[in-house]
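> Test case, fold it:
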Amino acid sequence: MKCLHSIDVLLLEDEAADAYLVKVALKENKALVRLHHVLDGREGMGFLQKNGDYSNAPRPDLILLDLNMPGMNGYEFLAFVKSDDSFKSIPIVVLTTSDVESDIVCVYQLGAASYITKPTGMDSFISMIDKLSDYWINVVSLPYRY
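Residues are numbered from 1 along each chain as shown. Next up, the predicted model:
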C-alpha cells in the first residue's frame, strides 16, 4: 500500500547528469518526494541552517549525498551533520560511484544510514531510486519534522 504523505529530500550532487537522473527516476516512479538540489556540502550546510537563499528551506526528511564534490565534499558534510544535535537525526544515504571498501567503512563510521553505489544503466538507476524512495516513504518511520 502506498503512503499518501510526501517527504522532503535534499540531494547533494555536483554532477548535473546524475542529479537529472535522480529527478527523472523520482518522477517516473511517481514518488511522493519534494526534491531540493544543491551542488556541494557548503550549499547543503546553508540549506540546513536556512542561510541566504535558503531562509525558507524545509528541514529535509532524508539526505542523498554524493561523496566526491568540490569545496566541502560528502565526507565533510556527513561529519558536520552527524556532529550537530540539530541535524544528526536526519538519515543520510550516500549515493556515489565509488565501490571502494574504505569509503564504505568511513561513511558508516561517520553515521550514514546507507551506502549505495550508483548503477550505470538508466533502467537500473530508475529501479534503484524506486526501491530507495519506497523504503524511505513507505517502510521506515522518520523522525517528527520540527
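> rest of the way, CA atoms for contacts and neighbours
OK.
> all helices for the protein, in order.
With DSSP state H, the ranges of helices along the chain come out as 16-28, 41-49, 74-83, 101-110, 122-134.
> wait, what's in contact with the residue nearest to Gly41 when sequence neighbours are not counted?
Nearest in space to Gly41, with sequence neighbours left out and distances taken as CA to CA, 6 or more residues apart in numbering, is Met72 at 4.7 Å. Counting by CA atoms under 8 Å, 6 or more residues apart in numbering, Met72 touches 40-42.
> same thing but at 10 Å, please
For Met72, the contact set (CA atoms under 10 Å, 6 or more residues apart in numbering) comprises 39-45.
> One more: Gln109?
The contact partners of Gln109, by CA under 10 Å, 6+ apart, come to 79, 103.
> Can you name the residues that contact Asn29?
Residues in contact with Asn29, defined by CA under 10 Å, 6+ apart, are 23, 126-127, 129-131, 133-134.
> From Gly46, how far off is the residue nearest to Gly41?
For Met72, the distance to Gly46 equals 12 Å [CA to CA, to the nearest Å].
> Would you indicate which residues of stretch 11-24 are buried?
Buried residues in stretch 11-24, defined by neighbour count with 16 or more other CA atoms under 10 Å: 11-14, 18-19, 22-23.
> Tell me where this structure is predicted with low confidence.
Judged against pLDDT under 70, the low-scoring parts of the chain cover residues 1-5, 144-146.
> Can you pull up the most central residue in it?
Centroid-nearest residue in the chain: Leu64, 1.1 Å away (criterion: CA atoms, centre = their mean).
> Hmm, that residue is touching Val9, no?
Yes - the pair Leu64 / Val9 is scored as a contact, 7.2 Å apart, by CA atoms under 10 Å.
> For the two, list the residues in contact with both.
Common contact partners of Leu64 and Val9 (CA under 10 Å, 6+ apart): 35, 37, 92.
> Could you identify which of the residues you listed has the most neighbours?
Ile92 (24 neighbours; other CA atoms under 10 Å).
> That one and Asp53, how far apart?
Relative to Asp53, and taking CA to CA, Ile92 is found at 23 Å.
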